[in-house]
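Enquirer: Kindly generate the corresponding structure for this input.
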Amino acid sequence: MARSKRGLKAIDVIFLGVATVMLVGLLLPAISKTRRHAPTVVCKNNLKQLGLAAQVFDSARGRLPGYVQGHGVWRPGPISSTSKTSDAAFVGTHPHEKVGSWVVSLLPYLDQQALYERWSLNKYPIAFAARGPLTDGRAGIGFNQSIAASISILQCPEAAGRPAIPGENSYACNAGMHAPLMSPQFIRSMAVANGVFNNRYPGRDPNGDTVPLGPDVRFDDIADGLSNTLLFTENLQAMPWHRAGFIDAKDLVLREGQERVSYEPTCRYTQGIVWHRESDDPSSGLPAINPIHRINSTIAGRPIEALELTQANAHDLARPSSLHPGGVNIVLADGSLRFLSETVDYRVYQSLLAPNDAHSDAPLEGLE
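Expert: Prediction:
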């Protein structure tokens with residue numbers, strides 16, 4: 001059979017050109033939309049992994065970790081001719097306590113067992129080692145960079161843009177009700193009804209007394225239901241995951257006779273979010289809601305990503321924030337993901353952080 005050898009006519013070429021342009025026009029918005037949503041998808045997956053890690057921790061330990069916790073002590077041992085060569089790297093390292101955030105507790109459940117062992121095994125120091133680089137700046141002065149690794153699960157792609165530092169972190173836990181360390185409300189703020197992660201480190205307060213521990217919190221204690229209680233969310237101002245408060249390595253040094261180091265008052269806020277006992281209802285008798293405590297709030301109109309957490313403003317900036325338009329991603333205690341609008345009623349935010357509304361100190365009157 002003869003095969004047609006007819007070439008394309010001009011009209012065919014024009015038709016194909018128009019069809020191609022139309023097809024590209026249809027596909028580009030879809031491709032652009034996919035690219036815009038890609039960071040959000042990664043962020044949600046990160047939060048999902050954190051939520052699962054907390055669930056496994058609760059199943060294994062019978063409680064959730066604290067927002068701050070001790071992970072052991074490193075003390076120098078004798079170095080002899082039979083010692084391992086690597087021991088020489090620890091000569092001159094000061095005895096110190098290993099105090100870390102909730103992230104350290106969850107490391108084994110985030111596929112970071114080797115990193116967790118550097119925190120939990122007493123043979124490894126977390127600071128001062130003569131071999132290997134040390135941290136500085138926002139990552140704290142004098143920590144071994146080997147214990148402040150960059151972990152992708154802890155970084156939202158939308159928050160990228162700052163110079164990379166050890167221990168970079170985008171996420172924060174539900175640290176409950178705000179109350180200053182030395183206030184009469186500090187113990188009450190850690191009630192199971194008021195939050196999920198509380199203090200698990202009995203450090204020394206400014207008077208030399210032991211800081212009280214919060215009660216054990218289990219998923220079974222969440223009376224409002226796991227699907228109604230926030231576990232983790234985003235905060236652009238969150239500090240590196242290994243630095244529990246504004247501490248440097250020198251602050252963890254154990255002097256002779258000491259069993260504990262000082263409790264750093266901001267450790268609740270550096271990797272945690274809190275709710276404030278405030279209300280816009282004049283009849284409540286409480287202070288009005290400070291705008292800085294709301295989701296995605298900023299100071300003096302500055303770009304939100306330009307804000308820096310400090311010891312002075314940590315309790316104010318311990319709120320959800322992100323560069324996702326209109327709100328933040330959250331993971332609830334049942335592992336489900338939600339997008340929380342920045343315009344949400346502050347009472348809803350308080351309720352999400354309080355695991356037991358009926359017994360919490362949150363002013364939720366009128367909230368349905």
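Enquirer: Identify the bridge partners of the residue lying closest to residue 196 once chain neighbours are set aside.
Expert: Distance criterion Cβ to Cβ, 6 or more residues apart in numbering; nearest residue to residue 196, sequence neighbours excluded, is residue 174 at 4.3 Å. (Glycine included, C-beta is placed from N, CA and C.) Partner residues in beta bridges with residue 174, using DSSP bridges, are residue 273.
Enquirer: hang on, isn't residue 110 packed against residue 151?
Expert: Yes: at 6.9 Å, residue 110 counts as touching residue 151 under the criterion of Cβ atoms under 8 Å.
Enquirer: Surely the residue nearest to residue 196 touches residue 229?
Expert: Yes: contact criterion Cβ under 8 Å: residue 174 and residue 229 qualify, at 7.5 Å.
Enquirer: okay, the two: which has more neighbours?
Expert: The neighbour comparison of residue 174 against residue 229 (other Cβ atoms under 10 Å) goes to residue 174, with 28 against 24.
Enquirer: Low-confidence bits of the stretch 101-250 of the chain, can you list those?
Expert: Low-confidence segments of the stretch 101-250 of the chain (pLDDT under 70): 130.
Enquirer: just the helices in it please.
Expert: Ranges of helices in the stretch 101-250 of the chain, per DSSP state H, counting those that start in this stretch, are 102-106, 113-120, 186-189.
Enquirer: on that earlier part again, how far away is the residue nearest to residue 196 from residue 208?
Expert: For residue 174, the distance to residue 208 equals 30 Å [Cβ to Cβ, to the nearest Å].
Enquirer: now residue 77
Expert: Computed as Cβ to Cβ, the residue 77 to residue 208 distance reads 29 Å.
Enquirer: picking that back up, pick the most deeply packed of the helices of the stretch 101-250 of the chain.
Expert: helix 102-106 (a mean of 26; mean count of other Cβ atoms under 10 Å).
Enquirer: just checking, what packs against that helix?
Expert: helix 10-61, strand 68-74 (3 or more Cβ pairs under 8 Å, 6 or more residues apart in numbering; DSSP states H and E).
Enquirer: Need the residues that contact the last one.
Expert: Strand 68-74 has contacts (Cβ atoms under 8 Å, 6 or more residues apart in numbering) with 93, 95-102, 104-105, 119-126, 199-202, 244-245, 254, 260, 263-264, 267-268.
Enquirer: Which of the residues you listed are buried, as a PyMOL select command?
Expert: Provided next is the PyMOL selection string for whichever of the contacts of strand 68-74 are buried by 16 or more other Cβ atoms under 10 Å:
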select buried, resi 93+95+96+97+98+99+100+101+102+104+105+119+120+124+125+126+199+200+201+244+245+254+260+263+264+267+268
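Enquirer: on that earlier part again, look at residue 77 and residue 208 and report which has more neighbours.
Expert: Remark: of residue 77 and residue 208, residue 77 carries more neighbours, 11 against 7, as counted by other Cβ under 10 Å.
Enquirer: Tell me how far that one lies from residue 116.
Expert: 21 Å.
Enquirer: thinking again about what came up before, list residues touching both of residue 174 and residue 229?
Expert: Common neighbours of residue 174 and residue 229 (criterion: Cβ under 8 Å, 6+ apart): 196, 353.
Enquirer: How much space separates residue 347 from residue 157?
Expert: 32 Å.
Enquirer: Now do the contacts for residue 251.
Expert: The contact partners of residue 251, by Cβ under 8 Å, 6+ apart, come to 261-262, 264.
Enquirer: Residue 52: which of the residues you listed is nearest?
Expert: residue 264 (28.9 Å; Cβ to Cβ).
Enquirer: Grab the nearest non-local neighbour of that closest one.
Expert: Nearest one to residue 264, counting by Cβ to Cβ, 6+ apart, is residue 245 at 3.1 Å.
Enquirer: The one you found against residue 270, yeah?
Expert: Yes: assessed by Cβ under 8 Å, residue 245 is found in contact with residue 270 at 5.5 Å.
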